[in-house]
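**Student:** What would the 3D arrangement of this be:
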Amino acid sequence: MKLQNRVAIVFGGTSGLGEATAKAYADEGAKVVVTGRDEEDGKRIVNDIKDKGQEAIFVKANVTDRAEIQAVVDKALETYGQIDILYNGAGIHDGYDNAVELEEDLYDKLMAINVKAPYLAAKAVIPHFIKQGHGTIINVGSQATQMAGPGGSAYVTSKHAVLGFTKQLAFDFGSKGVKVNILSPGFIETPMTEGIDDDRLNRIPAQRAGKPEEIAALAVFLASDDSNYMHGSNVFMDGGWVLGRK
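**Tutor:** Coordinates of the predicted model:
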């Protein structure tokens, strides 16, 4: 019960890694605020958590809307009286479009979801973290936080930006009790990766895709006291793919 008596907000919590993380947090004793745009999946996940005798609520939110993010924070405080963990897991991909191919509206949409949303969420919760003297932020990166190739022009730019944002948050607020790190998954079995051929797996030292539950276990570690001396770290879980990726 590494997260007992803590409250976690999970943005992007209605599928894939976010869903696995929300459930893992609940398994470790946290009260979970699941957020996303899919109300049906959100309620399904909350029901799954409650069926195990754990606590969770769903708040529908568009992560690009400051007022809706604030509404999530307000609801968490109204329901549970505190916020201890912020997991910024919402994100989209650009289909590997280069800068010439990429349409401007997709660039703007991707930056709003992948970069601006973590900023808006952090801005909303950090004052509460400082007031209570502690808090944890986990931003979700990818191999694109370190290299070109895992996406196109907009995606790689966005994940580099999230890494810089994570470092600056840790630099600015670590001394105030706020722990901020970035979790960077590799090729994971999620709806986003369905239909991709096995040739990619052959280039991964582990010779397989990762499971959402494995990433969620790392998200638990980063949210728990076990990682309290980690500030601004970029933590890869990718089966070793980043080691020799071309």
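**Student:** Please make it C-alpha for all contacts and neighbour counts, starting now.
**Tutor:** Noted.
**Student:** longest helix anywhere in the protein?
**Tutor:** Taking DSSP state H as the criterion, the chain has its longest helix at helix 153-173.
**Student:** Direction included, what does whichever helix or strand comes after that helix pair against?
**Tutor:** As assigned by DSSP states H and E, the chain's next helix or strand after helix 153-173 is strand 178-185. If you go by DSSP bridges, strand 178-185 pairs up with strand 135-140 (parallel), strand 234-237 (parallel).
**Student:** Just tell me which of those strands ends up closest to Thr14.
**Tutor:** Closest approach to Thr14 among the strands paired with strand 178-185 (Cα to Cα): strand 135-140, 15.0 Å.
**Student:** for the record, mean pLDDT for that closest one?
**Tutor:** The pLDDT scores in strand 135-140 average 98.
**Student:** now swap in stretch 63-74 and tell me
**Tutor:** Stretch 63-74 comes out at a mean pLDDT of 97.
**Student:** and for that stretch, what are the contacting residues?
**Tutor:** The contact list for stretch 63-74, computed with Cα atoms under 8 Å, 6 or more residues apart in numbering, reads 9, 11, 35-36, 59, 61-62, 83, 90, 112-113, 116-117, 120-121, 124-125.
**Student:** try 6 Å
**Tutor:** For stretch 63-74, contacts defined as Cα atoms under 6 Å, 6 or more residues apart in numbering pick out Ala61, Ala112, Ile113, Ala117.
**Student:** that older thread, just put the strands paired with strand 178-185 in a markdown table and tack on mean neighbour count and distance to Asp225.
**Tutor:** Shown next, in a markdown table, are the strands paired with strand 178-185 (neighbours: other Cα atoms under 10 Å; distance: least, Cα to Cα, whole Å):
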| stretch | mean neighbour count | distance to Asp225 |
| --- | --- | --- |
| strand 135-140 | 26 | 10 |
| strand 234-237 | 20 | 16 |
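**Student:** how about the CA coordinates for the lowest-mean-pLDDT helix or strand in the chain, as CSV?
**Tutor:** Across the helices and strands of the chain, the lowest-confidence element by mean pLDDT, DSSP states H and E is helix 241-244, at a mean of 83. Only the C-alpha atoms of helix 241-244 are listed here, as CSV (Å, rounded to 0.1, in the frame of the first residue of the first chain):
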residue,chain,number,x,y,z
TRP,A,241,15.2,-0.3,-27.4
VAL,A,242,16.7,3.1,-26.9
LEU,A,243,20.1,1.6,-26.5
GLY,A,244,20.7,0.8,-30.1
